[in-house]
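Trainee: this one's structure only:
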């Protein structure tokens, strides 16, 4: 296996899910760091289209007792997203879809309780090509637009059927303004809790009156159509005043007031508010801080220079997430070695990295779903509007035990493939341990950790490098390393 620079390992852990053996060999012939960043950020449009590989030899497996229908069965949908995480040729696109899934935290269970399991799955995960009505699920929105304009993403989130159910926009009318979406738009999605007042929540609720959900056909049948619908008859037409500016002074003599409009033109109220929030300096700073936590460090306070530079990149590019991410990944803070392994791995990151770096021959991603739940994370089911508790909160006693058990499951499942790959390193216990460390993206082991693993390989008799020894000990070393505390950081 080719040598890898620690910076490239760091980049592929944060902007993806680790480096496979094949990926490592491709990196050996690389390119300047900025060229690699550009390839991650500016990937071809079809690079995320790996669904056609599902169920074919040479890729991680799926499990289905009947047709595999990830746009209609939530268990299948979870398997498909894990497959994409492992095999995507655009890992940053999938990593950002996961980021937005947490940022705009929407839970399948509430939608299921309203419209049933099949239609809830459709709203969350359907691809337009698969769905009977051409509906695009929320995750497909994030995958398709997650690196585009944040303003555009906000508009489409506001119109997204799953979000209209999750935050009750479907019931928001002038007779009964519903505050949930307007509140979370400001508090969680854009400027943050200390940058608006309670009267802004009521004003935002009235702004989005009439931004409702239209259902045709039989709801819950798996055949009905769900789409955003601006119902002018339900829109509250009076002026709405905010504590922050909506327009520039050149646009309006009262910049913080959305003017009264006819019901027919009332949808512009919401577009104006979203535009103001998307371009608000506090939104830029808040996104910069969130991207610091996601890409740079959970153990250090966001650097003010980083926040300033990333905010500027965001605003100067008209809210382009792609340009913002380029600024993040090329920043001095991101490249500083002190930020390596300074993020606590989410359960799904741990699972996908383990499969990517250890192997997946003959393994089904279905076998990861229960372990993921035991680790504290279920895709499409963030616990509330705040998303998952991140950082050290992942590491309960039960959660860490589940990680160790999953490490054992994968290593045992891959033991034959690992033995074959390790054959050139069978000459000594030290050489075998070095091979195992070299296959994974990890900090250099301490002398104690290295010595413990060497002693483990030598235990049970004189090391001869026999097939039986290589089969047991190679898998055992991978189990011990991937189940260790060090492997829980990315």
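Mentor: Thanks, I have the structure now. If you're wondering where the values come from, they're calculated on a predicted model, not measured in any experiment. Numbering: from 1, shown residues only.

Trainee: what's the distance between residue 46 and residue 146?
Mentor: 16 Å (Cβ to Cβ, to the nearest Å). (Each C-beta comes from the backbone N, C-alpha and C, glycine too.)

Trainee: kindly report the same for residue 75.
Mentor: 24 Å.

Trainee: got it, and residue 442?
Mentor: Applying Cβ to Cβ to residue 442 and residue 146 gives a distance of 29 Å.

Trainee: count of neighbours near residue 92?
Mentor: Neighbourhood size, residue 92 [other Cβ atoms under 10 Å]: 28.

Trainee: following the helix or strand that contains it, which helix or strand comes up?
Mentor: Per DSSP states H and E: residue 92 is located in helix 91-103. On the C-terminal side of helix 91-103, the closest following helix or strand by DSSP H and E is helix 108-115.

Trainee: okay, buried residues for that following helix please.
Mentor: 108, 110, 111, 112, 115 (16 or more other Cβ atoms under 10 Å).

Trainee: wouldn't the first one be in contact with residue 382 here?
Mentor: So that's residue 108. No: Residue 108 is beyond contact range of residue 382, at 9.5 Å (criterion: Cβ atoms under 8 Å).

Trainee: tell me where the model's unsure across this structure.
Mentor: 1-4, 21-30 (pLDDT under 70).

Trainee: need the residues that contact stretch 269-288.
Mentor: 150-151, 154-155, 158, 185-186, 189-192, 195, 204, 206-208, 211, 235, 240, 242, 244-247, 258, 261, 302, 306-307, 310-312, 314-315, 319, 324 (Cβ atoms under 8 Å, 6 or more residues apart in numbering).

Trainee: what do you get if the cut-off is 7 Å, keeping everything else the same?
Mentor: If you take Cβ atoms under 7 Å, 6 or more residues apart in numbering as the criterion, stretch 269-288 is touched by 150-151, 154-155, 158, 185-186, 190-192, 195, 204, 207-208, 211, 240, 244-246, 258, 261, 306-307, 310-311, 314-315, 319.

Trainee: more neighbours, residue 75 and residue 146?
Mentor: residue 146 (25 against 15).

Trainee: not counting its neighbours along the chain, what's nearest that one?
Mentor: Leaving out its chain neighbours, the residue that sits closest to residue 146 by Cβ to Cβ, 6 or more residues apart in numbering is residue 96, at 4.2 Å.

Trainee: residues near the one you found, how many?
Mentor: Residue 96, neighbours per other Cβ under 10 Å, totals 24.

Trainee: distance of it relative to residue 248?
Mentor: Taking Cβ to Cβ, one finds residue 96 at 30 Å from residue 248.

Trainee: got it, and residue 305?
Mentor: 28 Å.

Trainee: do residue 124 as well
Mentor: Taken as Cβ to Cβ, the span from residue 124 to residue 248 is 38 Å.

Trainee: name the residue in these two with the higher neighbour count.
Mentor: Neighbour count, other Cβ under 10 Å: between residue 124 and residue 248, residue 124 has more, with 27 against 10.

Trainee: got the contact list for the more buried one?
Mentor: Neighbours of residue 124 in contact, by Cβ under 7 Å, 6+ apart: 77, 108, 111, 137, 138, 139, 162, 380.

Trainee: residues in contact with the first one?
Mentor: What it means is residue 77. 70, 121, 124, 125, 380.

Trainee: what of the third one?
Mentor: Residue 111 makes contact with 120, 123, 124, 162, 165, 166, according to Cβ under 7 Å, 6+ apart.

Trainee: what do you get for the last one?
Mentor: Residues touching residue 380, when contacts are defined by Cβ under 7 Å, 6+ apart, comprise 74, 77, 78, 108, 124.

Trainee: which phi and psi does it have?
Mentor: Torsion angles at residue 380 (phi, psi; degrees, to the nearest 10) stand at phi 70, psi 10.

Trainee: out of the contacts of residue 380, which comes closest to residue 471?
Mentor: residue 78 (31.7 Å; Cβ to Cβ).

Trainee: my guess is the closest one contacts residue 381, does it?
Mentor: No: using Cβ atoms under 7 Å, residue 78 makes no contact with residue 381, being 9.3 Å away.

Trainee: for my notes, confirm residue 229 occurs in a helix.
Mentor: No: secondary structure of residue 229 (DSSP: H, G, I helix; E, B strand; the rest coil): strand, not part of a helix.

Trainee: in the sheet, who's paired with it?
Mentor: residue 212 (DSSP bridges).

Trainee: reformat the contacts of residue 77 as TSV; add distance to residue 279 and secondary structure.
Mentor: As requested, the contacts of residue 77 are exported to TSV (distance: Cβ to Cβ, whole Å; DSSP: H, G, I helix; E, B strand; the rest coil):
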residue	distance to residue 279	secondary structure
70	36	coil
121	35	helix
124	29	helix
125	31	helix
380	31	coil
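
Trainee: between whichever helix or strand residue 13 is part of and helix 91-103, how big is the angle?
Mentor: For residue 13, the host element (DSSP H and E) is helix 6-14. In terms of direction (axes from the mean of the first three to the mean of the last three Cα atoms, to 10 degrees), helix 6-14 departs from helix 91-103 by 50 degrees.

Trainee: contacts for helix 6-14, please.
Mentor: Residues contacting helix 6-14 (Cβ under 7 Å, 6+ apart): 18, 19, 27, 33, 36, 295, 329, 335, 337, 340, 441, 490.

Trainee: for the stretch 151-300 of the chain, which segments count as strands?
Mentor: Using DSSP state E, counting those that start in this stretch, the strands of the stretch 151-300 of the chain run over 211-216, 225-230, 240-241, 257-258.

Trainee: packing partners for the second one?
Mentor: The reference is to strand 225-230. helix 161-166, strand 211-216 (3 or more Cβ pairs under 7 Å, 6 or more residues apart in numbering; DSSP states H and E).

Trainee: for that strand, give me every contacting residue.
Mentor: Against strand 225-230 from outside (Cβ under 7 Å, 6+ apart): 123, 133, 135, 159, 161, 164, 210-217, 267.

Trainee: buried stuff in it?
Mentor: 225, 226, 228, 229, 230.

Trainee: what of stretch 465-479?
Mentor: 465, 469, 470, 471, 473, 474, 475, 476, 477, 478, 479.

Trainee: quick check: the most centrally placed residue in the chain vs residue 308, distance?
Mentor: Among the residues of the chain, the one closest to the centroid is residue 98, at 1.3 Å (Cα atoms, centre = their mean). With distances taken as Cβ to Cβ, residue 98 is found 26 Å from residue 308.

Trainee: go on, residue 238?
Mentor: 39 Å.

Trainee: coming back round to it: show me just the buried residues among the contacts of helix 6-14.
Mentor: Buried members of those, scored by 16+ other Cβ under 10 Å, are 18, 19, 27, 36, 295, 329, 335, 340, 441, 490.

Trainee: state the three-state secondary structure for the first one.
Mentor: When states are read from three-state DSSP, the local structure at residue 18 comes out as coil.

Trainee: correct me, but it touches residue 439?
Mentor: No: with contact taken as Cβ under 7 Å, residue 18 and residue 439 are classed as non-touching, separated by 10.5 Å.

Trainee: joint contacts of those two?
Mentor: residue 357.

Trainee: show me what the strand or helix carrying residue 314 is packed up against.
Mentor: Using DSSP H and E, residue 314 sits within helix 304-316. In terms of contacts (3+ Cβ pairs under 7 Å, 6+ apart), helix 304-316 is packed against helix 281-291, helix 321-329.

Trainee: cool, thanks, signing off.
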